[in-house]
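# Next one to model:
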Amino acid sequence: MSVSFHQQQIGASIALPFNDPADGRILIVDDEPQVRKLFADYLSELYECTTAASADEALAHLAVDTYALVLVDVLMPGRNGIELLREVANKYSDTATIMVSGVDRPQRVLDALRLGACDYLIKPCEMGVLQMSVERALERRSLRRTALKYKADLENQNIQLANSKLELERLQAQIIHSEKMASLGQLSAGIAHELNNPAGFIYGNMDLLKCYVAELETLLVRYEKIGIEHEPSAIASLRSERDAEKIFNDLYSIISDCLEGAERVRDIVQNLRLFSRLDEAEFKQINLSEGIDSTIRLLSRYYMSSRIALHREYGELPPVGCYAGQLNQVWMNLLSNAAQSIVDKGEVFISTSVEDDWAVVRVSDTGSGIEPDLMQRIFDPFFTTKPVGEGTGLGLSISYGIIERHRGTITVESKPGSGTTFTVKIPLGLSAPRSTEEHSAQRHGTFKETSGGK
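Numbers count the residues shown, from 1 in each chain. A predicted model of the protein is given here:
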């Protein structure tokens, strides 16, 4: 099948995905034999032409073969061309139609075009005009089919993207959970040390308490045998011999130590529960300073030593609506990063305040700082400046995602050798967090659910 140069250009850029035999088939429908022959002879050099003398015959051809274009005479015995046009539009929407008529009426032209005709030619028409009209109709058909294909491809891609988004969200949730577990794992050594001290003197004192109770038991047995009213001097001698006063004083001191140790164990467990927030799935109003303090206590291996001086300056903050456990994870990442950035001795400053309609938390340190060329990457997943094996590169990325989910902001200012300041802003009066779908959409498909910067 030969085609014109113009058709070749269109086919090369658009019609190639649909390059099948039907693209060059034309059905010529006219009740006048000479007109059918004239059109078929002229167009057969470029296309595969079939003729029909009536609408019914044309429909019979359409039921058997696929045609790219139908040339239809308007006035024919039986069903006219407009009725055939309706049938083609309803049943064979992939087939283009050109109306040909000897009647030049504007209303008829408008009716045909509204029903889906590509063009309306007036008999007698020049063959060059006919060929141009046919080429434009086929180009339009090719463009329409290409658009439909692209639409279908886009819909498939949207489905794939939606599935990918759900998979990324699932993996993201797993990574967040893994990072949180990793953070808690890093705390285990410090927590074990903190629990070991109070537990140590509880167990040690209980052994000593057992011995003292045995002495008291002996003393009481002797009291029973001797009798206070009969031998008071013997009892006084026995009290002096056993140093009863010291026993009782030490006993009270031991009991006091045991109580203090038990209270410390209780406080450590409460701080851990406050940090992890078993009710973190609930969106609730909390005191930010309380969560910050509980996180600091869990990081006592850094902040209870003489190496780092911690300065707290808490302003008057109203209760803030948030996921408490997730925000505690942010404070954990920022405070541990600040402590780890200090090589020998240094200071860490943490402050809270209200600025306009925002609750603002700033964490500053006098550590090593961040190089300018790394500042744009610190919130990227898996990016870290820590030595290999010491950082996952997720802490700041996860923190970024948590703050963004709370419709807040997290920014950083740093100068190499002079320290770093992270500023977190959370809106006051936040009543409802963004949904997962809205959150993912507004993050432009970017995977930022926190970590790793310093």
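# Return the distance of the nearest residue to Pro77 once chain neighbours are set aside relative to Ile403.
If the residues on either side of it in the chain are set aside, Pro77 comes closest to Asp31, at 6.0 Å by CB to CB, 6 or more residues apart in numbering. For the C-beta atoms, the positions are set from N, CA and C on the backbone; glycine is no exception. Distance, Asp31 to Ile403, by CB to CB, to the nearest Å: 76 Å.
# Neighbour count: those two, which is higher?
Per other CB atoms under 10 Å, whichever of Asp31 and Ile403 has more neighbours is Ile403, with 22 against 17.
# tell me the contacts of the more buried one?
Val330, Thr409, Ile410, Val424, Ile426 (CB atoms under 8 Å, 6 or more residues apart in numbering).
# Burial check on the first one, number of neighbours?
What that stands for is Val330. 30.
# Give me the nearest residue to it, chain neighbours excluded.
Per CB to CB, 6+ apart, closest to Val330 is Ser399, 4.4 Å.
# can you check Asp104 too?
Ile122 (5.1 Å).
# And for Arg141?
Distances taken as CB to CB, 6+ apart place Ala96 nearest to Arg141, at 4.4 Å, with adjacent residues excluded.
# For that neighbour, give its distance to Cys118.
5 Å.
# which residues are common contacts for those two?
With CB under 8 Å, 6+ apart, Ala96 and Cys118 have common neighbours Ala137, Arg140, Arg141.
# element containing the second one, please.
Translated: Arg140. Taking DSSP states H and E as the criterion, Arg140 maps to helix 127-226.
# for the record, mean pLDDT for that helix?
In this model, helix 127-226 has an average pLDDT of 76.
# just the angle between the helix or strand where Asn333 lies and helix 127-226, please?
For Asn333, the element it lies in under DSSP H and E is helix 324-340. Put simply, helix 324-340 runs at 80 degrees to helix 127-226, going by axes from the mean of the first three to the mean of the last three CA atoms, to 10 degrees.
# Tell me the helix or strand right after helix 324-340.
Past helix 324-340, the next helix or strand by DSSP H and E is strand 346-355.
# For that next one, buried residues please.
Across strand 346-355, burial judged by 16 or more other CB atoms under 10 Å covers Gly346, Val348, Phe349, Ile350, Thr352.
# Paired strands for that strand, with orientation please.
Sheet pairing for strand 346-355, assigned by DSSP bridges, gives strand 308-314 (parallel), strand 358-365 (antiparallel).
# Out of those, which is the most enclosed?
strand 358-365 (a mean of 22; mean count of other CB atoms under 10 Å).
# Tell me which helix or strand comes right after that strand.
By DSSP H and E, the next helix or strand past strand 358-365 is helix 395-405.
# chain center to that next one: distance?
Relative to the centre of its chain, helix 395-405 is centred 11 Å away, using CA atoms, centre = their mean, to the nearest Å.
# That helix relative to strand 358-365, how many degrees between them?
Using the same axes, to 10 degrees, helix 395-405 lies at 170 degrees relative to strand 358-365.
# just how off-centre is the following helix or strand past helix 395-405 within its chain?
Going down the chain from helix 395-405, the next helix or strand is strand 409-415, by DSSP H and E. Distance of strand 409-415 from its chain centroid, counting by CA atoms, centre = their mean, is 22 Å.
# Could you pull up the mean pLDDT of strand 409-415?
On average, strand 409-415 scores 91.
# Just want the angle from the helix or strand following that strand to strand 346-355.
Moving toward the C-terminus from strand 409-415, the next helix or strand (DSSP H and E) is strand 419-427. For strand 419-427 against strand 346-355, the angle by the same axes, to 10 degrees is 20 degrees.
# Which elements pack onto strand 419-427?
helix 324-340, strand 358-365, strand 409-415 (3 or more CB pairs under 8 Å, 6 or more residues apart in numbering; DSSP states H and E).
# which one of these is the most hemmed in?
Neighbour counts (mean count of other CB under 10 Å) averaged over each of the helices and strands packed on strand 419-427 peak at helix 324-340, with a mean of 25.
# Quick one: mean pLDDT over it.
On average, helix 324-340 scores 86.
# CA-only coordinates of it, as PDB, when you get a sec.
Written as PDB, here are the backbone C-alpha positions of helix 324-340 (Å, rounded to 0.1, in the frame of the first residue of the first chain):
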ATOM      1  CA  ALA A 324       4.100  12.100  71.300                       C
ATOM      2  CA  GLY A 325       6.200   9.000  70.600                       C
ATOM      3  CA  GLN A 326       7.200  10.300  67.200                       C
ATOM      4  CA  LEU A 327       8.300  13.700  68.500                       C
ATOM      5  CA  ASN A 328      10.300  12.000  71.200                       C
ATOM      6  CA  GLN A 329      12.100  10.100  68.400                       C
ATOM      7  CA  VAL A 330      13.000  13.500  66.900                       C
ATOM      8  CA  TRP A 331      14.400  14.800  70.200                       C
ATOM      9  CA  MET A 332      16.400  11.600  70.500                       C
ATOM     10  CA  ASN A 333      17.900  12.000  67.100                       C
ATOM     11  CA  LEU A 334      18.800  15.700  67.600                       C
ATOM     12  CA  LEU A 335      20.100  15.300  71.100                       C
ATOM     13  CA  SER A 336      22.200  12.200  70.300                       C
ATOM     14  CA  ASN A 337      23.600  13.800  67.200                       C
ATOM     15  CA  ALA A 338      24.500  17.000  69.200                       C
ATOM     16  CA  ALA A 339      26.300  14.900  71.800                       C
ATOM     17  CA  GLN A 340      28.100  12.800  69.300                       C
END
